[in-house]
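In: Next come a sequence and a model predicted from it.
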2 protein chains.
Amino acid sequence: MLRLYDYLVSGNGYKVRLLLHQLEIPFERVELDILKGETRTPAFLARNPNGRIPTLELEDGTCLAESNAILWYLAEGTRYLPSDRLARARVLQWMFFEQYSHEPNIATLRFWTHAGLLAERAAWVPEKQRWGVAALEVMDAHLRDRPFFVGADYTIADIALYAYTHVAEEGGFALAPYAAIRAWVARVAAQPRHVPITRA
Amino acid sequence: MLRLYDYLVSGNGYKVRLLLHQLEIPFERVELDILKGETRTPAFLARNPNGRIPTLELEDGTCLAESNAILWYLAEGTRYLPSDRLARARVLQWMFFEQYSHEPNIATLRFWTHAGLLAERAAWVPEKQRWGVAALEVMDAHLRDRPFFVGADYTIADIALYAYTHVAEEGGFALAPYAAIRAWVARVAAQPRHVPITRA
């Protein structure tokens, strides 16, 4: 059985959990508390030398890291990843956008809020707010005349961007100004076998 | 002919230039000075709403953004991207590592040095130094018993990580402690049709 090293609060972990549920692939979940250093132990660093969750352990013990690389691995050959060359590159474009322009701002402010680090890191907050809003604006404009990020169907690009967008308000980002994002969030949540971020 | 919106100093742009040269695909290069706001004009934002280079314009006018997504698009079906499912996911794992754990630290300090922004952003520098060193340590350990990042051959994972690693010293990161990285840098530079970052 697949084993997922995970942290329930993490949107990056949620991406993988959500896709596994939608693919109806059974998996064992190992919860690691990143606030207690459980991803920096020698045992875990042997599985992922970069010391981060999610990390997926395959049946033969091989470990794969980076949430969006895991999504790609699991989605290959399924309805969640298109077969057309340009559409596949476009899925990757949005997943790299997510990890570079979205997650370091929107997920980080949510995490700092959750972990009580906002005051200590106050100097960094305005910059992350500014770039997080910029990412939301790019997403909202893109979604104004499209149901999903790439083509007509729900793909792993949507899963990657949904994970931290639908809880962006927990990091202080209002979604009220973004009607296209809010409609897309509802479409994603209405997909078959959708599970919430709180579902282990 | 393919058209690459680019900025010669950029390692992200260099990734695409290098692969295009190695694939012997002719292309037209459009230089945009990001320091002068040339990636924030309405004309360029119509091509990439996220306002970043590199952006690749295909012959039909379609534009593709995000350096590593462009690498994937160009490398599909060539020797630079493996065909095995796990190896492909591993290539993505290292490319996401590059954009999340490496580039925001190592490339950013090089850019701030280049653009004269180090003093103004001094509060951010120690954190970026610390995480940049952590990324180099992960890379060096991985390369100690491997010639390239994934499998036995040079892939786009190597191109993605080479771009800012081989010039890391321009951002204040010493490569002297990392013998495995230095040997890998030499192997990458010895690949057929390699071109330097200064080659337009």
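Out: That came in fine, so what should we check first?
In: Give me the phi and psi angles of residue A:24.
Out: Main-chain dihedrals, residue A:24, degrees, to the nearest 10: phi 60, psi 40.
In: Let me see the contact set for it.
Out: When contacts are counted by CB atoms under 8 Å, 6 or more residues apart in numbering or on different chains, residue A:24 touches residue A:193. Placement of C-beta: from N, CA and C, glycine included.
In: Strands along chain A, start to end?
Out: A:2-6, A:27-31, A:55-57, A:63-65 (DSSP state E).
In: Please verify my assumption that residue A:13 contacts residue A:54.
Out: Yes - here residue A:13 lies in contact with residue A:54, judged by CB atoms under 8 Å, at a distance of 4.4 Å.
In: How about residue A:55: which residues does it bridge to?
Out: residue A:5, residue A:65 (DSSP bridges).
In: and it, what does it touch?
Out: Neighbours of residue A:55 in contact, by CB under 8 Å, 6+ apart: A:4, A:5, A:44, A:47, A:48, A:63, A:64, A:65.
In: Then residue A:140?
Out: For residue A:140, counting by CB under 8 Å, 6+ apart, the contacting residues are A:177, A:178, A:179, A:180, A:181.
In: If we use 10 Å, what do you get?
Out: By CB atoms under 10 Å, 6 or more residues apart in numbering or on different chains, residue A:140 lies in contact with A:175, A:177, A:178, A:179, A:180, A:181, A:182, A:183, A:184.
In: Any buried residues in stretch A:184-191, and which?
Out: For stretch A:184-191, burial by neighbour count (16 or more other CB atoms under 10 Å in any protein chain shown) applies to A:184, A:185, A:188, A:191.
In: cool, and stretch A:67-80?
Out: The neighbour-count check on stretch A:67-80 (16+ other CB under 10 Å) flags A:67, A:68, A:69, A:70, A:71, A:72, A:73, A:74, A:75, A:80 as buried.
In: for stretch A:122-140, same thing?
Out: A:124, A:125, A:128, A:129, A:132, A:133, A:135, A:136, A:138, A:139, A:140.
In: Report whether the expected contact of the third one with residue A:101 is present.
Out: So the one you mean is residue A:128. No - if you go by CB atoms under 10 Å, residue A:128 and residue A:101 don't touch, sitting 11.4 Å apart.
In: Need the single longest helix in chain A, by residues.
Out: helix A:125-143 (DSSP state H).
In: Show residues contacting stretch A:123-132.
Out: A:101-110, A:112-113, A:117-119, A:121, A:164, A:168, A:171-173, B:121, B:123-124, B:127.
In: Mind checking which of those land in helices?
Out: Using DSSP H, the contacts of stretch A:123-132 in helices are A:108, A:109, A:110, A:112, A:113, A:164, B:127.
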